[in-house]
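Q: Whatever this is, show me its structure:
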Amino acid sequence: MRVVTDPKFRVGLVQMSCSTNPEENLEKAVTRIREAAHKGAQIVCLQELFRSQYFCREEDARIFDLAESIPGPSTERLTATARDAGVVVIASLFERRAAGLYHNTAAVIDADGALLGIYRKMHIPDDPLYFEKYYFTPGDLGFRTFDTKFGRIATLVCWDQWYPEAARLAAMGGANILFYPTAIGWHPSEKAEFGAAQHDAWRTIQRSHAIANGIYVAAVNRVGFEGPPDHGLEFWGASFVSDPFGRILAEATHDEEEILIVECDPRQMDETRRNWPFLRDRRIDAYGPIVNRMLV
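A: The predicted structure is shown next:
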């Protein structure tokens with residue numbers, strides 16, 4: 001593990017609603033990136049699949065037409081924006097890798113407009129109104145870190161946020177902060193009974209990644225209702241940034257478009273890890289069985 005000596009950096013989380021028009025959503029995202037940069041952000045993260053509404057609520061082969069190559073039209077627009085604004089951009093896209101092969105992919109663009117690389121979502125859900133296995137092949141690039149102008153970062157995507165193994169590997173790669181572009185919301189029929197607990201679990205699991213790894217964590221979610229009134233999703237927003245001990249530094253509302261700007265100090269990672277040395281005390285000689293599906 002490298003010694004953290006990077007200077008402070010400011011992140012911007014763009015929480016927004018999405019229309020049915022991909023170009024309109026892309027232009028809104030570009031505008032929000034510029035606004036975040038104007039407010040002092042140096043690393044700007046967009047929500048999961050920001051170019052469209054969350055299409056995985058249904059299985060429809062026509063939706064594959066939304067996919068695009070990387071590099072491609074959206075990354076071309078975003079690399080120009082990153083370069084002009086002088087910010088790092090993390091953008092979650094529907095990637096068309098080849099005919100019949102698609103991924104849920106986060107592109108990482110440096111502040112000079114260079115496409116540093118991509119991360120392909122590793123964990124793919126298949127639940128009511130989250131039929132992602134129909135669209136996405138699981139990622140094959142592993143859990144990556146990226147050296148940007150403003151420090152080393154890692155990104156995972158949505159369903160990845162429930163897996164401590166993914167967060168651990170990102171931290172082991174030397175990242176100062178872990179970003180989670182997200183699209184998660186309430187089913188109308190469940191919100192009254194389970195809504196508060198679902199949101200609390202989502203928030204808690206990500207704070208636990210910050211604590212267990214002594215790393216900053218940033219989750220950016222969308223807002224708004226998408227789909228039919230009785231069979232859609234109400235995205236709960238609540239984007240937030242947690243410090244390396246799990247304390248919430250800033251948090252957005254459940255129902256409004258917002259841009260969160262948060263300063264992060266990598267030196268706090270050193271302080272936290274010195275006092276809570278979880279990485280020091282890991283028994284790496286004893287974890288071999290973790291690669292099994294079950295032990296019983």
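Q: buried sites along stretch 97-106?
A: 102, 103, 104, 105, 106 (16 or more other CB atoms under 10 Å). Every C-beta, even on glycine, is put in place using the N, C-alpha and C of the backbone.
Q: possible to save the residues you listed as CSV with pLDDT, secondary structure and distance to residue 118?
A: Below are the buried residues of stretch 97-106 laid out as CSV (pLDDT from 0 to 100; DSSP: H, G, I helix; E, B strand; the rest coil; distance: CB to CB, whole Å):
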residue, pLDDT, secondary structure, distance to residue 118
102, 98, strand, 13
103, 98, strand, 8
104, 98, strand, 11
105, 98, strand, 5
106, 98, strand, 7
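Q: so which of those would you say is closest to residue 70?
A: Of all the buried residues of stretch 97-106, residue 105 has the smallest distance to residue 70: 6.2 Å, by CB to CB.
Q: about what we covered before: let's have the buried residues of stretch 97-106 in a markdown table, adding distance to residue 189.
A: Putting these into a markdown table (distance: CB to CB, whole Å) gives the following:
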| residue | distance to residue 189 |
| --- | --- |
| 102 | 30 |
| 103 | 31 |
| 104 | 26 |
| 105 | 32 |
| 106 | 31 |
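Q: can you tell me which two in those are farthest apart?
A: Spatial extent of those (CB to CB) is set by the pair 102 and 106 at 14.3 Å.
Q: low-confidence ranges in the chain?
A: In the predicted model of the chain, residues 1-5 satisfy pLDDT under 70.
Q: As a check, name the ranges of all helices in it.
A: Using DSSP state H, the helices of the chain run over 22-38, 73-85, 164-172, 191-213, 267-275.
Q: how about these, which one is nearest residue 11?
A: Residue 11 lies closest, by CB to CB, to one member of these: helix 22-38, at 8.8 Å.
Q: Show me what the closest one packs onto, helices and strands only.
A: strand 9-15, strand 43-46, helix 73-85, strand 258-264 (3 or more CB pairs under 8 Å, 6 or more residues apart in numbering; DSSP states H and E).
Q: what's the distance between residue 141 and residue 120?
A: 5 Å (CB to CB, to the nearest Å).
Q: how many other residues sit next to the nearest residue to residue 104 once chain neighbours are set aside?
A: Setting aside the residues directly before and after it, residue 104 is nearest to residue 121 in space (CB to CB, 6 or more residues apart in numbering), at 4.0 Å. Counted by other CB atoms under 10 Å, the residues lying close to residue 121 total 25.
Q: surely residue 121 meets residue 159?
A: Yes: using CB atoms under 8 Å, residue 121 is in contact with residue 159, at 7.1 Å.
Q: how about JSON lines for the helices of the chain, with mean neighbour count added?
A: Compiled in JSON lines, the helices of the chain are given as follows (neighbours: other CB atoms under 10 Å):
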{"stretch": "helix 22-38", "mean neighbour count": "18"}
{"stretch": "helix 73-85", "mean neighbour count": "19"}
{"stretch": "helix 164-172", "mean neighbour count": "20"}
{"stretch": "helix 191-213", "mean neighbour count": "16"}
{"stretch": "helix 267-275", "mean neighbour count": "16"}
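Q: can you tell which of those is closest to residue 61?
A: helix 22-38 (17.4 Å).
Q: now the closest one against strand 258-264, angle please.
A: Interaxial angle, helix 22-38 versus strand 258-264 (axes from the mean of the first three to the mean of the last three CA atoms, to 10 degrees): 40 degrees.
Q: Return the alpha-carbon coordinates of helix 22-38 using PDB.
A: Output of helix 22-38 as PDB, limited to C-alpha atoms (Å, rounded to 0.1, in the frame of the first residue of the first chain):
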ATOM      1  CA  PRO A  22     -30.700  10.900 -24.400                       C
ATOM      2  CA  GLU A  23     -29.300  14.100 -26.000                       C
ATOM      3  CA  GLU A  24     -31.300  16.300 -23.600                       C
ATOM      4  CA  ASN A  25     -29.800  14.300 -20.600                       C
ATOM      5  CA  LEU A  26     -26.300  14.500 -22.000                       C
ATOM      6  CA  GLU A  27     -26.600  18.300 -22.400                       C
ATOM      7  CA  LYS A  28     -28.000  18.600 -18.900                       C
ATOM      8  CA  ALA A  29     -25.000  16.600 -17.600                       C
ATOM      9  CA  VAL A  30     -22.600  18.800 -19.400                       C
ATOM     10  CA  THR A  31     -24.200  21.900 -17.900                       C
ATOM     11  CA  ARG A  32     -24.100  20.400 -14.400                       C
ATOM     12  CA  ILE A  33     -20.400  19.400 -14.800                       C
ATOM     13  CA  ARG A  34     -19.600  23.000 -15.700                       C
ATOM     14  CA  GLU A  35     -21.600  24.300 -12.800                       C
ATOM     15  CA  ALA A  36     -19.800  21.900 -10.400                       C
ATOM     16  CA  ALA A  37     -16.400  23.100 -11.800                       C
ATOM     17  CA  HIS A  38     -17.500  26.700 -11.300                       C
END
